[in-house]
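A.B. asks: Fold the following, please.
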Amino acid sequence: MAISIQVQNTPNPNSVKINTDQTIFEGPSSTSLKSGDATDHPLAAALLSIEGVDNIFGIRDFVTISKTADAEWDTILPQVEQAFVSVYN
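C.D. replies: This next block holds a predicted model:
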């Protein structure tokens, strides 16, 4: 089944919340990683490999992505969508 994502703005202009219709992080605890951290989670690794992504925070069916101050969402978000498609479709 293809994953559906919805981008939601946050009060922080350097962060967006991505809501999904599937569980992307298993278990009750959160996942918090910054650029350069090693992870075996396929989506987290794909998101952190995007130039301009500073860190991610995820629980169950959402992930918040924060970018560096000089990065542009117009450049990052298409790559984020492609990461979801690559991992979940």
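
A.B. asks: give me the number of residues near the closest residue to P42 other than its chain neighbours?
C.D. replies: Nearest residue to P42, sequence neighbours excluded (C-beta to C-beta, 6 or more residues apart in numbering): V87, at 4.8 Å. C-betas here are computed from N, CA, C, even on glycine. Look at V87: counted by other C-beta atoms under 10 Å, it has 16 neighbours.

A.B. asks: begin at 578 from here
C.D. replies: Fine by me, first position is 578 from now on; the one you just mentioned is V664.

A.B. asks: tell me the pLDDT at V664?
C.D. replies: For V664, the pLDDT comes out at 94.

A.B. asks: ok but it is inside a helix, no?
C.D. replies: Yes: counting by DSSP: H, G, I helix; E, B strand; the rest coil, V664 is found in a helix.

A.B. asks: didn't it look like it was pressed against A621?
C.D. replies: No: counting by C-beta atoms under 8 Å, V664 does not reach A621; the two are 9.5 Å apart.
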